[in-house]
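In: pasted the sequence and its predicted model underneath.
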Amino acid sequence: VKFSFSCRGLSNQASDEQVRQFFDTFGTVVSLKRVPNAGFATSAVYVNYSQISSVNEVLSINGSKPPFNHGIPISIRQQNAMVAQVATTLNEIAFSVSIQGIHWELSETDIRAALNGIAKLHSLRILDNQSKSLTPYKKAYANFSDGEVQTMLALDGTQPPWNGGGKLSVRQQDVNIAKAGALRPVTKAVEKAYVPPVTGCLMSKKRKQALTLADDDDDDD
């Protein structure tokens, strides 16, 4: 998710398909979540994009009345993309499994292709095998956004052709732990983007005195 927008004022009579087609015209939609407003004739929608033609182009439709919206003006606001990425990750992962016994010669691309043929793969983490001579197999944690967990678990104890005849061991994982793991790249990006307060920023007199005393103690050492 690189760009995120909220849109309010959508008529409840407008279909989800009409709304998606409307926002598809501005770029590549990653996810779209509609939020009903109980007791009102309108709803809101949150739209996440992987790419768009122009931020200003999306914002320019603020106050407009799309043909499908029955004469009701819409309100558009840009949202924090990192926050949107967190929400998207939490909502998308349906189930998670661990897979042992993956042949070490298989590349990540090969593994992804094989798993995507069984269920819709969301994310994949392959553990590095430092000793191929002792254990010539890989272990991976796979998160899926769609499909049946039982279909994946049915691979347990089998020797699929794509794995070079090796036997797989498949176990279901706690989906909440899987979501936390999938969020690590996002949290790292947030930490990297964090800018600490600049020197000379405003602070209370009590805080300044505390810092001065701490500096004096360091000098004594």
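Out: Yep, that arrived.

In: going by C-alpha atoms from here, please, whenever you check contacts or count neighbours.
Out: Will do.

In: name the residues of stretch 4-19 that are buried.
Out: 4-12, 19 (16 or more other Cα atoms under 10 Å).

In: same deal with stretch 56-70?
Out: Using 16+ other Cα under 10 Å as the test for burial, stretch 56-70 gives 58, 65, 69.

In: of those residues, which is the nearest to Asp156?
Out: Of all those, Val58 has the smallest distance to Asp156: 47.5 Å, by Cα to Cα.

In: all strands of this structure, in order?
Out: Secondary structure of the chain (DSSP state E): strands at 3-11, 27-35, 42-52, 75-79, 95-103, 120-127, 137-146, 169-173.

In: which residues sit against the second one?
Out: What it means is strand 27-35. Residues outside strand 27-35 that contact it (Cα atoms under 8 Å, 6 or more residues apart in numbering) are 1, 16, 20, 23, 43-53, 88.

In: how about a cut-off of 6 Å?
Out: Contacts with strand 27-35, where a contact means Cα atoms under 6 Å, 6 or more residues apart in numbering, come from 43-53.

In: thought Asn12 was touching Ala44?
Out: No: here Asn12 lies out of contact with Ala44, judged by Cα atoms under 6 Å, at a distance of 9.4 Å.

In: just put the strands of the chain in a markdown table and tack on distance to Ala114 and mean pLDDT.
Out: Converted to a markdown table, the strands of the chain look like this (distance: least, Cα to Cα, whole Å; pLDDT from 0 to 100):
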| stretch | distance to Ala114 | mean pLDDT |
| --- | --- | --- |
| strand 3-11 | 31 | 91 |
| strand 27-35 | 23 | 87 |
| strand 42-52 | 25 | 89 |
| strand 75-79 | 36 | 89 |
| strand 95-103 | 11 | 93 |
| strand 120-127 | 10 | 88 |
| strand 137-146 | 12 | 90 |
| strand 169-173 | 14 | 95 |
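
In: of the contacts of strand 27-35 - the most surrounded one?
Out: Counting neighbours by other Cα atoms under 10 Å, Asn48 comes out on top of these with 25 neighbours.

In: hey, what's that residue bridged with?
Out: Note on Asn48: beta-bridge partners Ser4, Ser31, judged by DSSP bridges.

In: ok, it - contacts?
Out: With Cα under 6 Å, 6+ apart, Asn48 has these contacts: 3-4, 29-31.

In: go through the contacts of strand 27-35 and name the one nearest Thr109.
Out: Ser50 (21.3 Å).

In: quick one: residues contacting the residue nearest to Asp128 when sequence neighbours are not counted.
Out: Leaving aside its chain neighbours, Asp128 sits nearest to Lys138 (7.3 Å; criterion: Cα to Cα, 6 or more residues apart in numbering). The contact partners of Lys138, by Cα under 6 Å, 6+ apart, come to 101-102, 104.
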